[in-house]
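S.K.: Pasting the sequence and the predicted model now:
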Amino acid sequence: MGKLCWVCYAGRMSEPTTPSDEGPTAAEPSLPLGDSGEAAVPAETPPEPTTVEPTTVEPAPVETPLPEPAEVAPPESSDLALPTTGDDSTAGGPSDGGPSDGDEIFAEAIAAETVAAAPPLGELPEPLPRRKIALPVTLFICTCASTFFVGLAEFTPRLIEEYLAGARPLGPALLSPANGLLYMVAVIGILLSHEMGHFVMTLLYRIPASLPFFIPVPIMPFGTMGAVIAMDGRKANRKEMFDMGLAGPLAGLVICVPVLVLGILAIDPKVAPTGTIELHNPLLIEWLHGWLRPAEPVPRFFALNQMNPLLMAGWVGMLITGLNMMPVSQLDGGHVIYALFGGTARKIARAFLIASIAYIIIEDRYIWAVMVILVTLIGVDHPPTADDTVPMGFWRRAIGYASLAIPVVCFPIRGIVM
């Protein structure tokens, strides 16, 4: 091919500038013709052929700005490719007219990393709802007043009725407020630590929850029926529900047990039990009494006239802690057994409710009938959590199984005996 190009080039060089039939002029000597009738080129002085190298144009790298994270969507197909600069093309593109597999994989990887860097807005944590403050604070103040009042009345129903009816002036009792203040501080401290255990866990796991609602009952010897906290358990998973449910009773016991120890040490052994109302002692009080006062017989009951402010606060703390740890419904114990046993917790709760009704009827303990009715209205079965498949771990299970003994040792099963 190179020889043919050279012959054509030499032929064009030998043509005269003006066509003529008379032959070549002196200024333009003719070249001898070869055997084929073409002009022959002298072999001794051939000009060097000039070859033109094909030039491959390298495309300039294109800087593609990454889109904003919130606007990036994952690629719907694998057709995304970036410009290439490889040697597979003589005209600046792929030889088969399409992107290569490596380019597609590289482009998809970049798109996936960009999407992962900007999580969807739906996964952002939702802001917690604004909590109501006026009602919880009002109930808290009323509960402080009611517990202070029954402490002044020495937990005696007769004095409470006389004070409320105005038959006995309250002024002289206010001159000696020590018993009222001591009982108020002790019992409110136990209840508040219990509820704060729940509340702190809801803050930790960002579960919507209310402030504690205290329940004042100034017509009862206790002055209160405890406190409750409302939380949206549907947004908590299995592990979070366990932590929120058990944190309250454990935090309450941290305050209740020392108060109870001080109350047992302050018992006056010279005071004989009088009156018709007695408080049944749970196992933990009996154990502590036998340990702290070994020379005295362990009482199964305390009369109201034998109760001092700290002993009464400790007894109320035992009652509320043991009652809340019952394995039924959405009580603290219901949260714990559902986290431990899952769907089997429903069978446990129903069996426990049936056994409780049988005990109330057989032992004539209708004082607990109101609690059974409330649990039935709320719902015996614990609802599912946001994720029941979250593993509990060894230590949570161990603590959970041990906590099942709390209602056994803390709850005064006979309650108030009249």
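M.R.: The structure has been received and is ready for your questions. Residues are numbered from 1 along each chain as shown.
S.K.: Contact partners for residue 153?
M.R.: 159, 160, 163, 173 (C-beta atoms under 8 Å, 6 or more residues apart in numbering). (Each C-beta comes from the backbone N, C-alpha and C, glycine too.)
S.K.: Let me see the ranges of the helices in the stretch 151-300 of the chain.
M.R.: With DSSP state H, counting those that start in this stretch as the criterion, the stretch 151-300 of the chain has helices at 157-165, 171-174, 178-204, 238-265, 283-292.
S.K.: could those be laid out in JSON lines, adding mean neighbour count?
M.R.: Output for those, formatted as JSON lines (neighbours: other C-beta atoms under 10 Å):
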{"stretch": "helix 157-165", "mean neighbour count": "15"}
{"stretch": "helix 171-174", "mean neighbour count": "11"}
{"stretch": "helix 178-204", "mean neighbour count": "21"}
{"stretch": "helix 238-265", "mean neighbour count": "22"}
{"stretch": "helix 283-292", "mean neighbour count": "17"}
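S.K.: low-confidence ranges in the stretch 1-150 of the chain?
M.R.: In the predicted model, the stretch 1-150 of the chain carries pLDDT under 70 at residues 1-129.
S.K.: Does residue 225 touch residue 215 like I think?
M.R.: Yes - under the criterion of C-beta atoms under 8 Å, residue 225 makes contact with residue 215 at 4.2 Å.
S.K.: Mind telling me the two of the contacts of residue 153 farthest from one another?
M.R.: Spanning the widest gap among those are 160 and 173, at 11.2 Å by C-beta to C-beta.
S.K.: Can you show me the strands along the protein?
M.R.: In the chain, the strands defined using DSSP state E lie at 213-217, 223-228, 278-280, 301-303, 416-417.
S.K.: helices or strands up against the last one?
M.R.: On a contact count with 3 or more C-beta pairs under 8 Å, 6 or more residues apart in numbering; DSSP states H and E, strand 416-417 meets strand 278-280.
S.K.: Adjacent strands (with direction) for the strand it packs on?
M.R.: strand 301-303 (antiparallel), strand 416-417 (antiparallel) (DSSP bridges).
S.K.: Now tell me what touches the longest one from outside.
M.R.: Applying C-beta under 8 Å, 6+ apart, the set of residues contacting strand 301-303 from outside is 273, 274, 275, 277, 278, 279, 280, 281, 311, 315, 417.
S.K.: what's the answer for the shortest one, then?
M.R.: Identification of contacts with strand 416-417 by C-beta under 8 Å, 6+ apart yields 277, 278, 279, 280, 301, 367.
S.K.: PyMOL command to pick out the buried ones of those residues?
M.R.: This is the PyMOL syntax for the buried subset of the contacts of strand 416-417, where burial follows 16 or more other C-beta atoms under 10 Å:
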select buried, resi 277+278+279+280
